[in-house]
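A.B. asks: sequence and predicted structure below; questions after.
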Number of protein chains: 4
Amino acid sequence: MNGYQHLYIPGPTNVPEPVRQAMNIPMEDMRAPDFGDFVTGILTDLKKAYRMESGRVFVFPSSGTGAWESAIQNTLNAGDKVLMSRFGQFSLLWVDMAERLGLDVELCEVEWGKGVPVEDYKAKLAADDKHEIKAVFCTQNETATGVTSDIAAVRAAMDEVGHPAMLFVDGVSSIASIEFEMDKWGVDLAVSGSQKGFMLPAGLGLLGVSEKALEANKAVSNAGMSRCYFSFEDMIKLNDTGYFPYTPATQLLRGLRCSLDLMLEAGMESIWARHKRLAEGVRAAVDAWDGCELVARGPEWHSDTVSAIYAPEGVDARDVISGAYYKYQTSLGTGLNKLMGKAFRIGHLGSLNPVMLCGAISAAEMALIDAGAKITPGSGVAAAQEHYRATTPSGA
Amino acid sequence: MNGYQHLYIPGPTNVPEPVRQAMNIPMEDMRAPDFGDFVTGILTDLKKAYRMESGRVFVFPSSGTGAWESAIQNTLNAGDKVLMSRFGQFSLLWVDMAERLGLDVELCEVEWGKGVPVEDYKAKLAADDKHEIKAVFCTQNETATGVTSDIAAVRAAMDEVGHPAMLFVDGVSSIASIEFEMDKWGVDLAVSGSQKGFMLPAGLGLLGVSEKALEANKAVSNAGMSRCYFSFEDMIKLNDTGYFPYTPATQLLRGLRCSLDLMLEAGMESIWARHKRLAEGVRAAVDAWDGCELVARGPEWHSDTVSAIYAPEGVDARDVISGAYYKYQTSLGTGLNKLMGKAFRIGHLGSLNPVMLCGAISAAEMALIDAGAKITPGSGVAAAQEHYRATTPSGA
Amino acid sequence: MNGYQHLYIPGPTNVPEPVRQAMNIPMEDMRAPDFGDFVTGILTDLKKAYRMESGRVFVFPSSGTGAWESAIQNTLNAGDKVLMSRFGQFSLLWVDMAERLGLDVELCEVEWGKGVPVEDYKAKLAADDKHEIKAVFCTQNETATGVTSDIAAVRAAMDEVGHPAMLFVDGVSSIASIEFEMDKWGVDLAVSGSQKGFMLPAGLGLLGVSEKALEANKAVSNAGMSRCYFSFEDMIKLNDTGYFPYTPATQLLRGLRCSLDLMLEAGMESIWARHKRLAEGVRAAVDAWDGCELVARGPEWHSDTVSAIYAPEGVDARDVISGAYYKYQTSLGTGLNKLMGKAFRIGHLGSLNPVMLCGAISAAEMALIDAGAKITPGSGVAAAQEHYRATTPSGA
Amino acid sequence: MNGYQHLYIPGPTNVPEPVRQAMNIPMEDMRAPDFGDFVTGILTDLKKAYRMESGRVFVFPSSGTGAWESAIQNTLNAGDKVLMSRFGQFSLLWVDMAERLGLDVELCEVEWGKGVPVEDYKAKLAADDKHEIKAVFCTQNETATGVTSDIAAVRAAMDEVGHPAMLFVDGVSSIASIEFEMDKWGVDLAVSGSQKGFMLPAGLGLLGVSEKALEANKAVSNAGMSRCYFSFEDMIKLNDTGYFPYTPATQLLRGLRCSLDLMLEAGMESIWARHKRLAEGVRAAVDAWDGCELVARGPEWHSDTVSAIYAPEGVDARDVISGAYYKYQTSLGTGLNKLMGKAFRIGHLGSLNPVMLCGAISAAEMALIDAGAKITPGSGVAAAQEHYRATTPSGA
């Protein structure tokens, strides 16, 4: 009765009303004779969102973490060498998974606030003349720090040194929000999840797989890297007719059908542009807040889906988050791992608009001041408003 | 996909999620043996929201306008003299209805921006020593101008001069939001609708009726004031067992059950206090906007459910409203009748909270500046934030 | 948790899933600049469902009873003579309303189980050489008895005797289910409601009005027949631009948009044919039940939207209804007025299919036997099945 | 518009309306400070549904197949010997998974139509004096054949021969529908999924884990049995405070909260009894159909959640299923693997009642006759009706 809860975390994101309607359904038979056509339509359109023409997209009933695991289990052997970098909680967890699944991780540690170290990657790849590195891992958007990496540059580096490794991309908080080009960038495995740019509840792990990765899948043995639930093979056997090896999450698939319709009608470029416009308004607000600054260490790293923001000296970011939640009914993202207490995050991806973000910025502003920050009331919103006034298309 | 639409009109208001859930139902049998108990529970609890212990509440499948008509048709005869005042589009429409239904209206014209003229009423009632005035009409909250009148004072005036007329109150945009006391204030007919403080879709006309008005109903002839759909008699015959003379809007009744549960759990006083807190923030914003001012001609008239705001000199309020809608996906209230082009309105009743209103104020602010207003960006939000920071209970 | 409730009353009817989805929405601004187009689209398409090209359709926030009242108040003067017939609870109530609203009713009493007495009407109209009868009222489908009258025949009779009266039709439980032709049959006022063939919750009163009736509206005085809420004039002033004189039930309008889409895509003829097929299955079941028979006194009166069924001698129909509800979670229609205890009803209109009706018939069958009927278990379902097997198109 | 689709497959099952309402929500923050309490409440109540007091329940965003995999990966080493039996598509798939994950499967082949061979198991366990068998696998309810096995008897057999192996149970289509007693039967790993007895959409894999299995988990190495997504360790680290190692499916958790409330209020024994009553009605129908018979080879194997039914000689069961779907809008279960074309299935678990099943039986009956079966129309429904009349409590 006290109004809506406000959700500005970097996923799950706000679900558009048509998607919510589309999921308000009775259950259905996932072996119905016409269910297959429904599924193949989704798989076809998912490829458009991923910007790929060949290869496949798999949809697992799982979180994005499951799709991470699937990518590894199906294309690499235990003991394989991979090149990874770590600069935030999610790149950290992916490294952790790779090690637990038995990969030999060549790791680049990077200051939190920066992203994939393209030059280091290039150097290591150039040095790997035996091509022992089987895969290069990149977290396109590190959700913990609000840092976006340059995947096209990684591809260029790989090409320049002529390295044949596969390119793995964690696109959980970037695909369908920030520019992503599966084919153009030569990405081999691209992980995403339903609850970010796809604007759905959590529950679907999405995985784009190139032809090259599908070939790799045929070559890997199962030794030391057992898989079944997340195996490509079982999916491939049934997906072409539109069915699944086990019961799919039909309710989410109905939602996905609707969100894909919305997305493809708008066009991916338009979605990327909108995220950029909205993110710039948030960054304008952060700039206006005395003592606050982005965790991202420079404009080249700025994420258009989430901003991680250092609270001013002497202000515990946990108080900001807790105040926003309990007093202003607003969920902001927490500071994860070493950012705990130091930073809070504003998620600005998915179905959003300027007025929503003015609300989010207001909530953060009030909670910051309540927590002791010496910022000028309204300063952030004012800056964001000016940006939105200047950039919002009328009629959108 | 571009985020939520923002609704800040003075009704329909934002529906709380539990109410929305409660209306997401299959149809049901309004003659089912247990439906009666469901209805009598609602009628009982509606009386609590109206603050009445005797008398009855009727629930019509109609808008509030239908309840206006029902109040008149059932308790007055054509030709009866009534005392009314006109100071905005809705008090104007009620006068129009009264005249069309054949009442002899003694009318007090009042400057728009003020409300029920208690002293004038008192003088006219005192002068009416033959008690020809059968009913005194008051628009508690004039939705067009954002003006709240003092019903308790009207009652006191009536008592002071010892006038036996019935007291009619249009509480469409006040009951369940602003203090309203049916019994304590001796109100005889109190009109409301589902789509305001009751936080439901439009479709239910609500009418509180005192014992005295029920007696009047028995006395009136039908001559010249035919009624059937809105007749008390048909309702009374069936309501006590929980049924209706025709098919009720069962979906809305399920929603009403939920909203009453929310309201009575919170307590009416708490709801009134919340509306006051939220409204004060909006008024702080208006104060901060150079060149804007409330239509209400002084604090004693300030409405806690809607603020009608004059746009600055030279700014067409229609541009503000249109810009807010098309560019910022925000519905503000239009300026009605003589306020068209001069004023816009922010509805702040129903299920709301500070962050929602910071969004609404931001939308208005941006649209004002786009339309040519020379106001400082963020000035309104800043003022509102300071108010909300100071007055919002943590954990609410 | 114990499965779905089953609803087989003659309204409210089962809401199709897409319509339910379409009503699962946040509130919206009924004065938004693009709301008008939405409304005019609905009004245009409603005319298609009514099969009319000229004239108007009004949509009131009310039940169908309100549309009854509107039809009378707007086109007749108090004291006007009208021709009516009474053969069930709803035709009875319409007569009651006409009398209370001051009409001079020339009444044909008809045995319950039959419908509009065309020959009597013709005789009375022929005898009315001064054309004092201003309107001829017909209940196309008497919901209480399951009797459908022949409106085309009434029109033919009127034409044959050259009588200029207006033709009023209560189509609440027929329009959008049973053949109805506003223009072809020369109907002047045709009443319906949202909760029957239109497959929505209750809450909208629908009224089709011919050009002739619109002319009559201009001519009637308001004397003795006051109206405001249901006045044509107020609606006409705003409807052409797509707005309303008071807050419309926007949620239901969104549902109506969806149900009209479904209906017009299928085609009205196809809807009428489906209702006929489904009804015949129910009648086959009744035929198979020893001791049961239809209230309708012959095939020419059979209603395709509701069957009223006499319980066998010695069986109290209330026990059937109560048993169906409490033991089998199934709502059947009660026997109204003089049919109470003697008959129960199966509503078979709206969104239905053979398997639903096999369930409904099973529920009735079990409840009948529980209540003491000596019918062969499964006999009714068997008969219905055979009919449905023979007539159901595959793929529909 | 043509009525509801009818769903009588053995999962996904029909979702109760309150559960559907509970899932009609905006997204929420799975790291909110009060989210943890919500989750721990669910985990606590899930244990009640599983009938366990010690141990843990894990909730994975996955299908039940994921929970199968988790059970194996976390408690067994590659190369471990396990005892399994195969008598239908799902027991077959579990064996397949076990082998692919590197277990050494001692397999009992059983005629399809029978279940876990308790005596064979006992003999093999008795012979295993070195206790090389680490786990005994039982499919409590083989969904493909409609066969329920006696888990208590397996436990008794294990105890009698004093074998210390863990007891794994696939309870996907039995838990929360058919009697299941985690503690009493000494079950160590019990797999289920959201879309069966829990009456939710697919998307949650549920896994009950005994203390003994938790100890086993600590002992297993990761060698050759890598896990990360489905690892117990990550869950244990966070579950006690009510959080998860990755984004949980919050919408389904809200639904689960509601379905657990419904279940625990009714009582598990009452749920089991209801499933038995409903199943017996279906079996009575099958008995009445000439030429049809259950796949289950005797009453001791009858499943109360699904009946697999051989179509009569000369009738292709695929035609029955296809006809039911396209002509009667009814989903029946297909014949899987070697039952394809020979059998169809009626799922009768979850939220159901007699009238729904009379509809399902009618659909099957009509589709059978259409497909060439020489059965008496209505014979099955009649038999079911008699059973339901005799056994359905009034008021339930």
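C.D. replies: Good, I have the coordinates. Residues are numbered from 1 along each chain as shown, chains lettered A, B, ... in the order given.
A.B. asks: how about the residue nearest to A:Gly359 when sequence neighbours are not counted, secondary structure?
C.D. replies: The shortest distance from A:Gly359 to any non-neighbouring residue, by CB to CB, 6 or more residues apart in numbering or on different chains, is to B:Gly359 (3.6 Å). For glycine as for every other residue, the C-beta is placed from the backbone atoms N, C-alpha and C. Classification of B:Gly359 by DSSP: H, G, I helix; E, B strand; the rest coil places it in helix.
A.B. asks: just give me the neighbour total for B:Gly359.
C.D. replies: 29 (other CB atoms under 10 Å in any protein chain shown).
A.B. asks: what sits against it?
C.D. replies: Shown in contact with B:Gly359 (CB atoms under 8 Å, 6 or more residues apart in numbering or on different chains): A:Val355, A:Met356, A:Cys358, A:Gly359, A:Ser362, B:His6, B:Thr330.
A.B. asks: hmm, which two among those residues are most spread apart?
C.D. replies: Greatest spatial distance among the contacts of B:Gly359 (CB to CB): A:Ser362 and B:Thr330, at 14.5 Å.
A.B. asks: which one of those two is surrounded by more residues?
C.D. replies: A direct count of neighbours by other CB under 10 Å for A:Ser362 and B:Thr330 places A:Ser362 higher, at 33 against 28.
A.B. asks: I figured that one hits B:Ala382, correct?
C.D. replies: No: the criterion here is CB atoms under 8 Å, and A:Ser362 misses it with B:Ala382 at 9.3 Å.
A.B. asks: report the set of residues contacting both of those two.
C.D. replies: Common neighbours of A:Ser362 and B:Ala382 are listed as A:Val381 (criterion: CB under 8 Å, 6+ apart).
A.B. asks: A:Asp183: what secondary structure?
C.D. replies: Here A:Asp183 is coil, with the state taken from three-state DSSP.
A.B. asks: give me the element the residue sitting nearest the centre point of chain A is part of.
C.D. replies: In chain A, the C-alpha nearest the mean C-alpha coordinate belongs to A:Ser173, at 1.4 Å (CA atoms, centre = their mean). Counting by DSSP states H and E, no helix or strand carries A:Ser173.
A.B. asks: residues touching it, list them.
C.D. replies: Taking CB under 8 Å, 6+ apart as the contact definition, A:Ser173 lies against A:Pro10, A:Gly11, A:Asn141, A:Thr143, A:Lys196, A:Gly197, A:Ser303, A:Thr305, A:Val306, A:Leu349.
A.B. asks: apply 10 Å and report the result again.
C.D. replies: By CB atoms under 10 Å, 6 or more residues apart in numbering or on different chains, the residues touching A:Ser173 are A:10-11, A:13, A:64, A:90, A:139-144, A:146, A:148, A:192-193, A:195-197, A:303, A:305-306, A:347, A:349-350.
A.B. asks: the residues you listed in strands, which ones?
C.D. replies: Taking DSSP state E as the definition of strands, those contribute A:Thr139, A:Asn141, A:Glu142, A:Thr148, A:Ser192, A:Gly193, A:Val306, A:Gly347.
A.B. asks: between those, which sits nearest chain B?
C.D. replies: A:Gly347 (12.8 Å; CB to the nearest CB).
A.B. asks: isn't that closest one up against A:Asn141?
C.D. replies: No: counting by CB atoms under 10 Å, A:Gly347 stays clear of A:Asn141, with 11.3 Å between them.
A.B. asks: between these two, which contacts overlap?
C.D. replies: Listed as contacting both A:Gly347 and A:Asn141 by CB under 10 Å, 6+ apart are A:Pro10, A:Ser173, A:Lys196, A:Thr305, A:Val306.
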